[in-house]
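Engineer: sharing a model prediction with you, sequence too.
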Amino acid sequence: MSATRIRLLLADVDGTLVTQDKVLTAGAVEAVRRLHDAGVLFAVTSGRPPRGMAMLVRPLGLRTPIAAFNGGLLVDPDMQVIEQRVIPQDLVVPIADLLRSYGLDVWSYRGADWYVPDPAGPHVAREAWTVKFQPKVMARIGDVTDNVAKLVGVSDDHDAVSKAWSAAHDQFGDHVTAAASQPYYLDVTHPDANKGRVARYLARRYRLSAMEIATIGDMPNDVLMFAHSGLSIAMGNADPQVKRAARRITGTNDNEGFAKAVERFILTSAPRLS
């Protein structure tokens with residue numbers, strides 16, 4: 001069987017492309033430039049809203065669709081909507097109630113807006129710094145149930161997040177996708193809004209086989225895209241189950257793990273899978 005060349009790299013953002021301090025390093029920028037020079041497409045997917053990835057477009061020279069909300073909203077590099085998948089309106093309140101029953105704060109993302117119950121709540125300030133815009137305060141989740149692209153359960157009790165994930169999967173799994181994007185974030189999106197679907201969408205758009213796609217990430221929601229790529233790479237800081245699911249492991253995001261993966265696995269003969 002002949003070797004297959006990697007023609008597209010799909011990367012997670014937080015914990016992968018940027019450092020723990022949310023910095024896009026010069027090494028990462030150079031790695032993407034080298035991908036472009038080698039004729040390898042580069043795309044990003046994240047639980048972030050589109051506005052939270054706008055700062056990546058110019059330094060990385062992004063040309064491919066950007067998959068926000070784990071694929072719930074696809075936009076072009078000019079932030080024009082290509083397509084979106086939203087949570088069924090009648091499920092927004094029941095899902096929020098379930099997450100709150102485990103002690104999680106619940107955020108809502110609708111269109112370009114981000115809603116929180118308490119601007120001083122856990123991780124709100126950090127998230128606002130990361131995505132570069134401020135949330136709106138909602139009096140109750142029932143006021144913002146239409147066109148919700150993502151609900152997020154937030155808690156520093158990681159065990160509670162895990163239990164909430166299991167309960168959401170059991171109760172609503174036929175109607176939504178629930179996956180942890182960070183140990184303290186549980187993302188709930190439309191069932192077709194997941195990173196596996198993003199990989200499949202890009203394969204169709206660019207007429208690629210799964211074997212021509214590489215994926216790189218650090219959290220359990222990234223495993224969904226690993227299954228639709230010929231080469232899956234886990235960050236050195238990745239969750240243990242992510243490392244078990246990946247074909248390769250690189251360095252941490254604070255030690256240029258993304259750039260090292262591009263050099264070692266994409267730009268050399270290593271990823272030419274037989």
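Structural biologist: Perfect, thanks for sending it.

Engineer: in stretch 145-162, which residues are buried?
Structural biologist: Under the neighbour-count criterion of 16 or more other Cβ atoms under 10 Å, stretch 145-162 has 145, 148, 149, 150, 151, 152, 153, 154, 155, 160, 161 buried. Where you see a C-beta, it was placed from the backbone N, CA and C, and this is true even at glycine.

Engineer: skipping its backbone neighbours, what lies nearest the residue most central in space within the chain in space?
Structural biologist: The centroid of the chain falls nearest to residue 46 when counting by Cα atoms, centre = their mean (2.4 Å). The shortest distance from residue 46 to any non-neighbouring residue, by Cβ to Cβ, 6 or more residues apart in numbering, is to residue 13 (3.9 Å).

Engineer: next, count neighbours for the residue nearest to residue 142 when sequence neighbours are not counted.
Structural biologist: Nearest residue to residue 142, sequence neighbours excluded (Cβ to Cβ, 6+ apart): residue 93, at 5.5 Å. Per other Cβ atoms under 10 Å, the neighbour tally for residue 93 reads 14.

Engineer: kindly report the same for residue 200.
Structural biologist: The number of residues packed near residue 200 is 18, by other Cβ under 10 Å.

Engineer: ok, residue 222 next?
Structural biologist: Residue 222 - counted by other Cβ under 10 Å - has 31 other residues nearby.

Engineer: how about residue 264?
Structural biologist: 15.

Engineer: what separates residue 161 from residue 183, distance-wise?
Structural biologist: As judged by Cβ to Cβ, to the nearest Å, residue 161 and residue 183 stand 7 Å apart.

Engineer: same question, residue 43
Structural biologist: Residue 43 is 25 Å from residue 183, by Cβ to Cβ.

Engineer: which of the two has more neighbours?
Structural biologist: Using other Cβ under 10 Å, the more surrounded residue of residue 43 and residue 183 is residue 43, with 22 against 16.

Engineer: part of a strand, is the more buried one?
Structural biologist: Yes: with the criterion set as DSSP: H, G, I helix; E, B strand; the rest coil, the secondary structure at residue 43 is a strand.

Engineer: wait, what's in contact with it?
Structural biologist: 8, 9, 10, 11, 62, 64, 65, 66, 67, 198, 202 (Cβ atoms under 8 Å, 6 or more residues apart in numbering).

Engineer: the fourth one contacts residue 217, correct?
Structural biologist: Yes: taking contacts as Cβ atoms under 8 Å, residue 11 lies within contact range of residue 217: 7.3 Å.

Engineer: who's more crowded, these two?
Structural biologist: Using other Cβ under 10 Å, the more surrounded residue of residue 11 and residue 217 is residue 217, with 32 against 25.

Engineer: so the residue nearest to residue 142 makes contact with residue 145?
Structural biologist: Yes: judged on Cβ under 8 Å, residue 93 makes contact with residue 145 at a distance of 6.4 Å.

Engineer: and the top helix by length along the chain, what does it pack against?
Structural biologist: As assigned by DSSP state H, the longest helix anywhere in the chain is helix 158-172. For helix 158-172, the elements it packs on are helix 92-101, strand 177-182, strand 185-189, judged by 3 or more Cβ pairs under 8 Å, 6 or more residues apart in numbering; DSSP states H and E.

Engineer: mind listing the strands for the stretch 101-250 of the chain?
Structural biologist: Assigned by DSSP state E, counting those that start in this stretch, the stretch 101-250 of the chain shows strands spanning 105-110, 113-116, 136-137, 148-154, 177-182, 185-189, 213-217, 231-234, 248-249.

Engineer: pLDDT (mean, whole number) over the first one?
Structural biologist: Which is strand 105-110. Averaging pLDDT along strand 105-110 yields 96.

Engineer: where does the prediction get shaky in the stretch 1-150 of the chain?
Structural biologist: Counting by pLDDT under 70, the stretch 1-150 of the chain has low-confidence residues at 1-3.

Engineer: and the pLDDT at the closest residue to residue 242 other than its chain neighbours?
Structural biologist: Closest residue to residue 242 apart from its sequence neighbours, by Cβ to Cβ, 6+ apart: residue 234 at 4.8 Å. For residue 234, the pLDDT comes out at 98.
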